[in-house]
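> fold the stuff below for me.
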Amino acid sequence: MKQNNMLAMILAGGRGSRLHELTNKVAKPAVAYGGKYKIIDFPLSNCANSGIDVVGVLTQYESVLLNSYVAGGSSWGLDARDSGVFVLPPREKADVNLNVYRGTADAISQNIDFVDSYDPEYVLILSGDHIYKMNYSKMLKYHKENNADATIAVIEVPMKEASRFGIMNTDTETGQIIEFEEKPEHPKSNLASMGIYIFNWKLLRKLLVADMKNEDSSHDFGKDIIPEMLNDGKRLFAYKFKGYWKDVGTIDSLWEANMDLLDRKSGLDLDDRTWKIYTEDIPTFPQYISEEADVKNAYITQGCVVEGEVKNSVLFTGARVGEGAKVYDSVLMPGANVGPGAVVTRAIVADNVKIGNQAVIGNADSEHIELVAKNVKGVE
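As a prediction, the model looks like this:
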């Protein structure tokens with residue numbers, strides 16, 4: 001393997017229940033984002049740009065679409081000789097629930113043979129449902145410089161939000177982790193785990209084998225593996241990430257991440273040619289914006305047809321805004337259709353949903369974003 005003998009494993013089996021109807025039929029990492037992307041494109045592109053050649057994608061919930069999407073790896077240039085993206089669903093076991101990963105650590109445990117077949121020195125473990133751009137080779141360099149047993153990527157969050165995350169308390173001079181607290185009521189620091197880990201494989205393998213035999217374990221990295229390593233005096237270090245990162249676990253946060261594309265100060269630049277985010281190339285017509293349309297501060301993807309008013313909004317591939325329709329502060333997902341005269345405000349309109357003529361959706365003063373996942377009847 002080219003990248004310092006490091007293999008990547010992406011945890012992409014989450015249900016994503018807080019995204020409601022958006023994940024009824026597709027896994028959270030397969031949810032559309034940013035006009036033409038899927039969430040899984042970000043960790044896969046980061047791997048490709050970081051020189052990691054072999055990536056295992058561990059899928060579970062509603063994984064048919066996700067499996068077919070990532071299989072082969074051609075969209076990210078990971079389909080060449082001696083490289084690839086491999087779909088790794090749970091195995092059937094007689095002594096545990098069939099076809100299920102019991103936790104994040106169990107997901108790796110069930111695929112020990114896959115990792116062993118490449119004999120890596122290091123294993124990079126990633127969450128598959130975050131929006132960010134990161135050079136994992138720099139994180140590996142930091143890991144090696146500190147002679148670490150494990151390195152955990154962290155990001156500074158507002159102190160008032162720290163209780164929502166796994167928090168790493170560190171030696172301020174060395175960056176060595178001295179304590180890990182899972183969603184503490186009274187956090188001591190604001191260094192939140194990003195769910196990105198580098199482990200020395202031989203050590204992690206021993207820990208996973210022991211964890212599989214422990215009936216009292218949750219088989220989870222945050223709850224079991226990392227605390228055990230700290231208790232055993234292993235060298236764990238926090239790698240501070242400075243850049244854009246978003247956990248799109250809710251409708252509001254998914255909307256916010258899309259709105260960030262409209263803000264040049266957000267730090268999220270999808271047009272950066274030095275760190276490209278790759279995705280599936282869908283053949284479609286160019287966008288069409290009529291002479292009567294009024295478009296301001298909008299992110300409009302190919303295949304869109306705009307005949308009405310669009311302001312501060314993101315339109316995904318194939319979205320349509322009819323004559324006299326108004327779309328404000330909203331996200332129209334692939335194939336969404338806003339009929340003539342309709343008004344959509346502070347909403348996410350799901351894939352292929354039709355908003356009828358002159359229908360009114362959302363409210364400028366609403367606290368939360370409205371998800372429209374079913375067709376809305378308009379004026380006949």
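> going forward, measure contacts between C-alpha atoms and count neighbours the same way
Will do.
> and the helix or strand where residue 56 lies, how far out from the chain middle?
Element membership for residue 56 (DSSP states H and E) is strand 54-58. How far strand 54-58 lies from its chain's middle: 14 Å, per CA atoms, centre = their mean, to the nearest Å.
> what of stretch 29-38?
With CA atoms, centre = their mean, you get 9 Å for stretch 29-38.
> list of residues touching it?
With contacts defined as CA atoms under 8 Å, 6 or more residues apart in numbering, stretch 29-38 is touched by 12, 14, 22-23, 39-40, 65-66, 128-129, 254, 258, 261, 279-280, 299-301, 314-317, 333-334.
> okay, now that stretch: how far is its last residue from its first?
This stretch, stretch 29-38, spans 7 Å end to end (CA to CA, to the nearest Å).
> quick check: buried residues in the helix or strand bottoming out on mean pLDDT in the chain?
One helix or strand of the chain scores below all others by mean pLDDT, DSSP states H and E: helix 64-70, with a mean of 83. Neighbour counts using 16 or more other CA atoms under 10 Å place 66-67, 69-70 of helix 64-70 among the buried residues.
> and what of stretch 46-54?
Using 16+ other CA under 10 Å as the test for burial, stretch 46-54 gives 46-54.
> pull the distance from that stretch to the chain's centre.
16 Å.
> which residues touch it?
Residues outside stretch 46-54 that contact it (CA under 8 Å, 6+ apart) are 1-3, 6-8, 55, 76-78, 82-86, 133-137, 275-277.
> in strands, which of those residues appear?
Cross-referencing these against strands under DSSP state E gives 6-8, 55, 84-86.
> centre-most residue in the protein?
residue 129 (2.1 Å; CA atoms, centre = their mean).
> and that residue, how far from residue 178?
From residue 129 to residue 178 the distance is 27 Å (CA to CA).
> mind listing the strands for the stretch 201-350 of the chain?
Along the stretch 201-350 of the chain, counting by DSSP state E, counting those that start in this stretch, strands occupy 236-240, 245-247, 288-289, 294-296, 299-300, 305-306, 309-311, 314-315, 320-321, 326-328, 331-332, 337-338, 343-345, 347-349.
> now the helices for the stretch 101-250 of the chain?
Taking DSSP state H, counting those that start in this stretch as the criterion, the stretch 101-250 of the chain contains helices spanning 104-109, 112-116, 136-145, 201-213, 226-231.
> what about those, which gets the closest to residue 182?
Evaluated with CA to CA, these place helix 226-231 nearest to residue 182, the distance being 10.0 Å.
> state the mean pLDDT of the closest one.
Throughout helix 226-231, pLDDT has a mean value of 95.
> do stretch 277-290 as well
Rounded mean pLDDT across stretch 277-290 is 89.
> quick check: end-to-end length of stretch 275-288?
One end of stretch 275-288 to the other measures 28 Å (CA to CA).
> quick check: buried residues in it?
Within stretch 275-288, judged by 16+ other CA under 10 Å, the buried ones are 275-279, 287-288.
> contacting residues around that stretch?
So stretch 275-288 is contacted by 36-38, 41-42, 45-46, 49, 75-76, 133, 270, 300-306 (CA under 8 Å, 6+ apart).
> among those residues, which ones are in helices?
Taking DSSP state H as the definition of helices, the contacts of stretch 275-288 contribute 41-42, 45-46, 49.
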